[in-house]
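J.: Below: sequence and its predicted model.
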Amino acid sequence: MDSIKLLQRLVRIPSPNPPGDTRAVADFVAERMRAIGCIVRQPAPAAKPAARNTIAILGEGAPRIMLHAHIDTVPVAPVEAQNWSVDPYAGIVRDSALYGKGSVDDKAILASMMLAMADAARQKSLKGSLILVAAAEEETGGQLGTKWLADKGHLPLCEFIIVGEQTGNKVATAHKGVLRATVRTAGVAVHATNPDRGVNAIVAMGKIIQALQRYHQDLSRVLHPVVGVPTCNIGVIAGGSTANAVPDACAIQLDRRMIPGESPQDVVKELGAVVAAVDLAPATATLGNFVYSSWFDSALDGDYAATFMDCVRAELAESPGPIGYMPGSDAKHLVDIARGDMIIFGPGSYEAAHAADEHVKLADYASSTNILKAFLRRALYAAEAEA
Ligand SMILES: [Zn+2]
């Protein structure tokens with residue numbers, strides 16, 4: 001399998017989400033994995049049959065190592081489309097980089113994993129099993145993708161899991177969780193000729209915003225070694241309808257990033273206490289619309305993790321990490337599947353993903369493949385490598 005052609009083929013099969021139809025790309029992965037001798041299954045949720053996943057297994061029994069990458073991409077947004085200098089689905093190679101929607105997020109590491117599977121299939125005496133998961137629905141949160149696969153028993157418990165995302169080929173061992181919430185204030189609407197007769201919900205919200213900003217600053221006293229500090233951002237505000245009336249309603253939306261160890265229930269209580277402590281009377285405030293996704297954190301103390309770090313160090317000639325991965329990933333849905341360490345790993349930067357002229361440097365893509373192959377040879381074929 002020529003590595004550049006393989007990645008071009010993957011980029012040339014569009015899989016934007018929404019709508020999240022991954023059937024064609026899942027089938028391509030399945031066909032390639034069957035050809036190298038894998039047992040392949042392609043589960044899809046009844047709630048969204050087009051969100052097809054591919055699970056390819058080589059060998060059997062323990063130890064089990066999982067290679068996981070998502071096969072959906074973000075769509076090309078209308079504004080973004082004007083800024084592409086190449087066709088986003090052509091897989092063009094220019095200046096030692098391969099361009100295309102999904103090239104770095106997440107098809108390069110998917111291709112590296114497929115190449116590593118093929119290399120593994122050529123070895124003799126595989127000890128245990130190697131599982132490639134090409135997952136749908138990551139870009140919309142994974143509820144009908146990896147979370148569904150895990151909940152429905154489609155994924156075996158694994159001794160080591162590598163989740164493919166953009167870490168500059170370093171080893172990421174944690175990411176933050178997110179809790180979103182809405183705060184609403186209620187007042188009394190009157191004509192603006194005499195505002196003091198009413199109760200201004202926007203003015204009340206102003207006090208809450210000040211309190212939340214102080215809360216955000218206080219949060220920075222807690223530091224996690226790889227993902228940094230928890231934060232609270234006010235991202236949306238809406239209130240009032242005309243300048244000549246006192247508004248009776250205002251709402252803000254919050255994004256509260258949680259570091260490993262923080263529970264969403266505790267964070268909801270903290271936010272409630274912050275809002276309750278603000279003197280708003282006679283206006284009132286409520287907090288609700290909670291939506292959250294978990295953080296993930298791996299101790300990185302097992303033998304597989306040590307071996308993987310060695311392989312990264314040898315290839316990069318610089319510190320392999322551990323680092324934090326700033327966006328979320330499907331790793332949060334695999335916590336109950338992991339019997340040992342789980343890491344996030346892949347070429348490029350997440351800053352280049354989700355943008356015009358998304359690309360992956362061919363050298364970085366080659367390094368990812370080299371690291372995965374070296375790791376699997378040492379992890380699953382130790383005796384043979386020594387012979
Ligand atoms: Zn991704």
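T.: Now that the structure is in, tell me what you want to look at. All values derive from a computational prediction rather than experimental measurement.

J.: For the stretch 151-300 of the chain, just list every one of the helices.
T.: Taking DSSP state H, counting those that start in this stretch as the criterion, the stretch 151-300 of the chain carries its helices at 201-219, 264-276.

J.: Can you list the helices and strands that the shortest one packs against?
T.: For helix 264-276, the elements it packs on are strand 177-186, helix 201-219, strand 249-258, strand 284-293, judged by 3 or more C-beta pairs under 8 Å, 6 or more residues apart in numbering; DSSP states H and E. Glycine gets a C-beta too; all of them are placed from N, C-alpha and C.

J.: for the record, mean pLDDT for it?
T.: For helix 264-276, mean pLDDT is 97.

J.: Next, the angle from it to strand 284-293.
T.: Inter-element angle recorded for helix 264-276 and strand 284-293: 160 degrees (by axes from the mean of the first three to the mean of the last three C-alpha atoms, to 10 degrees).

J.: where in the stretch 101-250 of the chain is pLDDT low?
T.: Along the stretch 101-250 of the chain, segments meeting pLDDT under 70 are nowhere present.

J.: and with 80 instead?
T.: For the stretch 101-250 of the chain, the stretches with pLDDT under 80 are 124.

J.: Can you show me the strands along it?
T.: Taking DSSP state E, counting those that start in this stretch, the strands of the stretch 101-250 of the chain run over residues 129-135, 160-164, 172-175, 177-186, 231-239, 249-258.

J.: Buried deepest among these, which one?
T.: Among the strands of the stretch 101-250 of the chain, strand 160-164 has the highest mean neighbour count (mean count of other C-beta atoms under 10 Å), at a mean of 28.

J.: which of the helices of the stretch 151-300 of the chain is buried the deepest?
T.: Highest mean neighbour count among the helices of the stretch 151-300 of the chain (mean count of other C-beta under 10 Å): helix 201-219, a mean of 18.

J.: how far does stretch 15-33 stretch from start to finish?
T.: With C-alpha to C-alpha, to the nearest Å as the measure, stretch 15-33 spans 19 Å from end to end.

J.: Which residues does it contact?
T.: 1, 6, 9-10, 13, 40, 42, 48, 50-54, 56, 71-76, 101-102, 110, 114, 117-118, 132, 134, 136-140 (C-beta atoms under 8 Å, 6 or more residues apart in numbering).

J.: Okay, buried residues for it please.
T.: The neighbour-count check on stretch 15-33 (16 or more other C-beta atoms under 10 Å) flags 15-17, 20-23, 25-26, 28-30, 32-33 as buried.

J.: chain center to that stretch, what's the gap?
T.: Relative to the mean C-alpha coordinate of its chain, stretch 15-33 is positioned 18 Å out (C-alpha atoms, centre = their mean, to the nearest Å).

J.: Give the rounded mean pLDDT of that stretch.
T.: For stretch 15-33, the per-residue pLDDT averages 98.

J.: show me what contacts the residue lying closest to residue 297 once chain neighbours are set aside?
T.: Leaving aside its sequence neighbours, residue 297 sits nearest to residue 260 (C-beta to C-beta, 6 or more residues apart in numbering; 3.5 Å). By C-beta under 8 Å, 6+ apart, the residues touching residue 260 are 174, 176-177, 224, 227, 295-297.

J.: So the closest residue to the ion within the stretch 151-300 of the chain versus residue 284, what's the distance?
T.: Proximity of the stretch 151-300 of the chain to the ion (C-beta to the ion) peaks at residue 165, 4.8 Å away. For residue 165, the distance to residue 284 equals 43 Å [C-beta to C-beta, to the nearest Å].

J.: Around the ion, pick out the residues from this protein.
T.: With C-beta under 5 Å from the ion as the criterion, the chain meets the ion at residues 105-106, 165.

J.: hmm, 8 Å instead?
T.: 70, 105-106, 138-139, 164-166, 327, 329, 350, 353 (C-beta under 8 Å from the ion).

J.: Which single residue of the stretch 201-350 of the chain ends up nearest the ion?
T.: Distance from the ion to each residue of the stretch 201-350 of the chain (C-beta to the ion) is smallest for residue 329, at 6.6 Å.

J.: What is the burial count for the closest residue in space to that residue that isn't next to it in sequence?
T.: Leaving aside its sequence neighbours, residue 329 sits nearest to residue 165 (C-beta to C-beta, 6+ apart; 5.0 Å). Look at residue 165: counted by other C-beta atoms under 10 Å, it has 27 neighbours.

J.: how about residue 165, what does it touch?
T.: Residue 165 is in contact with 105-106, 109, 172, 325, 327, 329, 344-346, 350, counting by C-beta under 8 Å, 6+ apart.

J.: Residue 154 is in contact with residue 45, isn't it?
T.: No: judged on C-beta atoms under 8 Å, residue 154 makes no contact with residue 45 at a distance of 10.2 Å.

J.: Have a look at those two and say which one is more surrounded.
T.: Taking other C-beta under 10 Å, residue 154 and residue 45 do not tie; residue 45 has more neighbours (19 against 14).

J.: what about the more buried one, which helix or strand?
T.: For residue 45, there is no helix or strand it lies in under DSSP states H and E.

J.: What are the buried residues along stretch 74-94?
T.: Buried residues in stretch 74-94 (16+ other C-beta under 10 Å): 74-76, 80, 84, 88-89, 91-93.

J.: Mind picking the two most distant members of the residues you listed?
T.: Using C-beta to C-beta, the two most remote members of the buried residues of stretch 74-94 are 75 and 93, lying 23.1 Å apart.

J.: follow-up on the earlier one: specify which member of the contacts of residue 165 is nearest to residue 150.
T.: residue 329 (13.7 Å).

J.: Please tell me how far that closest one sits from residue 106.
T.: Applying C-beta to C-beta, the value for residue 329 to residue 106 is 9 Å.

J.: chain center to stretch 67-78, what's the gap?
T.: 10 Å.
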